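Asks: Show me the folded form of this:
(chains A and B)
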Amino acid sequence: MNSKYWNEEIETMPRKQLEKLQVERLKKTVEIAMGSKFYAPKFKELGITPESIKSVEDIKRFPFTTKNDLRATYPFGIKSIPLEKVVRLHSSSGTTGNPTVILHSQKDLDQWADAMARSMYCIGLRNTDIIQNTSGYGMFTGGLGIQYAAERLGALTVPAGAGNSKRHVKFITDFGTTALHCIPSYATRLAAAFEEEGIDPRNTTVHTLIIGAEPHSEAQRKRIEEIWGAKAYNNFGMSEMCGPGVAIECQEQNGMHIWEDNYIVEILDPVTLEPVPEGELGELVLTTLNREAMPLFRYRTRDLTRILPGDCPCGRTHKRLARFQGRSDDMMIVKGVNIYPIQIEKILMQFPELASDYLITIETVGDNDEMTVEAELAQATDDFSMLQNLTKEITRRLKDEILLTPRVKLVGKGVIPQSDGKAKRVNDLRNNH
Amino acid sequence: MKTIKQISIFLENQRGKLSDILTALKNENIEIQAASVADTNEFGILRLITSDQKKAAQLLSDQGNLVSMNEVLAIQVEPDTASFTDAIDALTAGGCTISYLYTFHKDGKLVLIIRPANSLEIAERIATEKGLTLIQGWE
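Replies: Predicted coordinates:
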């Protein structure tokens, strides 16, 4: 295969045609989900039938599905097909209540492996590569999900599994591993393990890292690429949608293409649940289009992202998701305005005069919500008017971003309280909270 | 340049903050010769001239304060209002504007600590030309 694409027809499909495919698959998925005790009554109530679906816009008629729904129906309450056709399940840990279970038919597994193989191909991996997986092989989808995909790609796959960095170092060295799948923090730890052995990770055969399952910044990616002397690609998956293979960056490294032949993508305001204007930040809501054991409709991922505007030079027509910017659960409503701490953080980080700590306090003063942003100064100065101007400028820029005027307070080092080594970002002291 | 070193400490409006700083200096037997606090509702800057500026700056920085050290003019005049006025008039006549000023008495004289709004170098030259007595050093 010399092509740039794993599946050129699908990956470069014109938008109109892609949407037609989505509609067909949505109809089919509705038909399958009529067999779900969870969805069937909801569909009936809302008048949702395969025939009633005319366009992708019809997705707005569907009910939402949340993690709580998965917990409440634990373990098999949402399944759409008989259990004898289900061949595997994956499950979350359930540290906060019931675990969640996701069921897969053989067809689901095949489709999943194909989607992740497509993702690997998209970042330049081929059947000549040796792919080592550092994810745990078990209930976590990062193990088997990557394994089957790498095999589907035709690569030599090293199922080394989680932990034991020394063994990873040995395998990479002995087998000539060319690609690693790992969480970003492990990429750094494994590099340190190499250095302990006196080996510069840049001198290994590894040329590509697939990183994901853990939020990380562009700066972190750059650092990983530098210490490994390799390319690192952001990969997005979640067990509810299958696992890894939902979206991946192409070699442009500018946004993750979400495979829209498999999912309908919505970016919604987490409060009104209405679509946000094109390109704006909102909650990612996904509908599966290519799954049968347990299709999910309008699943609220709680991840905040936006769709990058414009076409990608790589030629793929599937929408690109921006790097995730936190969780919709972090949202505050102040004076009727939806505000995410990340918006404030983003502005503060633009001021070199500030250090990294900040604290947002919201209080009720009279009948009003008032917001105070305390920002830590990076350096002392004798220049009083500089500090006053800085305060003014931060206030102005925050107002432009969040549309209300916070009180900005510059503070010295160590004033912002820390808890468990992690800085607390929001202190909501309002009466009704 | 004939200037002296001043330390500036960022003060958030917090009960006990000033006391913490003074206590630290006291425990190390550092004497304060002059102090000035400029403040808004939200924050302040404490400016200090002490018996050991280097040590004081290090100590307060180790204590977790934001500390900076900078140069200011120290003009010595007779301890009367007339001499004070003459000094300021001389600077003003030379084209120097003042960002802030505070004073203290030392060895029977009045010392004016001045941070010019424009260039420190130009202010120093004006002061010298006008025959004002500039103090240099005191670490």
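Asks: got the contact list for residue 99?
Replies: Let's take chain A. Contacts for residue A:99 were tallied using Cβ atoms under 8 Å, 6 or more residues apart in numbering or on different chains; they are A:71, A:74, A:91, A:92, A:93. No exception for glycine: its C-beta is placed from N, CA and C like everyone else's.
Asks: sorry, should have said chain B
Replies: If you count contacts by Cβ under 8 Å, 6+ apart, residue B:99 has them with B:115, B:116, B:117.
Asks: What is the burial count for residue 100?
Replies: I went with chain A, as the question did not name one. Using other Cβ atoms under 10 Å in any protein chain shown, the number of residues around residue A:100 comes to 21.
Asks: The chain in question should be chain B.
Replies: Residue B:100 has 16 neighbouring residues, counting by other Cβ under 10 Å.
Asks: okay, the closest residue to it other than its chain neighbours: pLDDT?
Replies: Counting by Cβ to Cβ, 6 or more residues apart in numbering or on different chains, residue B:100 lies nearest to residue B:115, which is 5.3 Å off, once chain neighbours are set aside. Listed pLDDT for residue B:115 reads 94.
Asks: Now do the strand or helix carrying residue B:115: distance to the chain's middle.
Replies: Assigned by DSSP states H and E, residue B:115 falls within strand B:109-116. On the basis of Cα atoms, centre = their mean, to the nearest Å, strand B:109-116 is displaced by 7 Å from the centre of the chain it belongs to.
Asks: for that strand, which positions count as buried?
Replies: For strand B:109-116, the neighbour count (16 or more other Cβ atoms under 10 Å in any protein chain shown) marks B:110, B:111, B:112, B:113, B:114, B:115, B:116 as buried.
Asks: What pairs with it, parallel or antiparallel?
Replies: Applying DSSP bridges, strand B:109-116 is found paired with strand B:67-77 (antiparallel), strand B:98-106 (antiparallel).
Asks: OK, contacts around residue 4?
Replies: Just so you know, I chose chain A. A:314, A:315.
Asks: The chain in question should be chain B.
Replies: Neighbouring residues of residue B:4 by Cβ under 8 Å, 6+ apart: B:49, B:71, B:72, B:73, B:74, B:113, B:135, B:136, B:137, B:138.
Asks: Okay, it and residue B:136: tell me how far apart.
Replies: Distance of residue B:4 to residue B:136, given as Cβ to Cβ, to the nearest Å: 7 Å.
Asks: Tell me where the stretch 1-150 of chain A is predicted with low confidence.
Replies: A:1-2, A:93-97 (pLDDT under 70).
Asks: how about the helices in it?
Replies: Along the stretch 1-150 of chain A, the stretches classed as helices by DSSP state H, counting those that start in this stretch are A:8-11, A:15-33, A:39-46, A:67-72, A:106-122, A:141-153.
Asks: Kindly report the same for chain B.
Replies: Secondary structure of chain B, counting by DSSP state H: helices at B:17-27, B:53-62, B:81-93, B:120-129.
Asks: now those helices in JSON lines, with mean pLDDT and mean neighbour count?
Replies: Shown next, in JSON lines, are those (pLDDT from 0 to 100; neighbours: other Cβ atoms under 10 Å in any protein chain shown):
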{"stretch": "helix B:17-27", "mean pLDDT": "94", "mean neighbour count": "15"}
{"stretch": "helix B:53-62", "mean pLDDT": "94", "mean neighbour count": "17"}
{"stretch": "helix B:81-93", "mean pLDDT": "95", "mean neighbour count": "15"}
{"stretch": "helix B:120-129", "mean pLDDT": "93", "mean neighbour count": "17"}
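Asks: Turn those into JSON lines, including distance to chain A.
Replies: As requested, the helices of chain B are exported to JSON lines (distance: least, Cβ to the nearest Cβ, whole Å):
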{"stretch": "helix B:17-27", "distance to chain A": "9"}
{"stretch": "helix B:53-62", "distance to chain A": "8"}
{"stretch": "helix B:81-93", "distance to chain A": "19"}
{"stretch": "helix B:120-129", "distance to chain A": "11"}
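Asks: tally of neighbours for the residue nearest to residue A:363 when sequence neighbours are not counted?
Replies: Excluding the flanking residues, the one nearest residue A:363 by Cβ to Cβ, 6+ apart is residue A:429, at 4.8 Å. Residues lying near residue A:429 (other Cβ under 10 Å) number 11.
Asks: Please apply the same query to residue B:119.
Replies: For residue B:119, the count of nearby residues is 11 (other Cβ under 10 Å).
Asks: Which residues are in contact with residue 28?
Replies: Picked chain A for this. Neighbour list for residue A:28: residue A:50 [criterion: Cβ under 8 Å, 6+ apart].
Asks: oops, chain B please
Replies: With contact taken as Cβ under 8 Å, 6+ apart, residue B:28 is in contact with B:55, B:56, B:59.
Asks: quick one: it from residue A:157, how far?
Replies: According to Cβ to Cβ, residue B:28 and residue A:157 sit 64 Å apart.
Asks: now swap in residue A:180 and tell me
Replies: On the measure of Cβ to Cβ, residue A:180 and residue A:157 end up 12 Å apart.
Asks: Which one's more surrounded, these two?
Replies: residue A:180 (27 against 21).
Asks: Quick one: mean pLDDT for stretch A:290-297?
Replies: Mean predicted confidence for stretch A:290-297 is 98.
Asks: got the contact list for the helix or strand containing residue A:302?
Replies: Taking DSSP H and E as the criterion, residue A:302 maps to strand A:299-305. Contact with strand A:299-305 is made by A:64-67, A:238, A:240-241, A:267, A:270, A:281-288, A:321-329, A:340, A:342, as judged by Cβ under 8 Å, 6+ apart.
Asks: Can you point out the buried residues in that strand?
Replies: Those buried within strand A:299-305 under the rule 16+ other Cβ under 10 Å are A:299, A:300, A:301, A:302, A:303, A:304, A:305.
Asks: Equivalent analysis for stretch A:236-252, please.
Replies: Of the residues in stretch A:236-252, A:236-250 count as buried by neighbour count, 16+ other Cβ under 10 Å.
Asks: Any idea how far apart the tips of that stretch sit?
Replies: End-to-end distance for stretch A:236-252: 16 Å, by Cα to Cα, to the nearest Å.
Asks: Show the pLDDT at the residue of chain B positioned farthest from its centre.
Replies: Taking Cα atoms, centre = their mean, the residue of chain B most remote from its mean C-alpha position is residue B:15, at 24.0 Å. pLDDT for residue B:15: 85.
Asks: tell me what the strand ranked longest in chain A is packed against?
Replies: Longest strand of chain A, by residue count under DSSP state E: strand A:354-365. Other elements packing on strand A:354-365 under the criterion 3 or more Cβ pairs under 8 Å, 6 or more residues apart in numbering or on different chains; DSSP states H and E are strand A:332-334, helix A:341-348, strand A:368-377, strand A:422-423, strand A:426-428.
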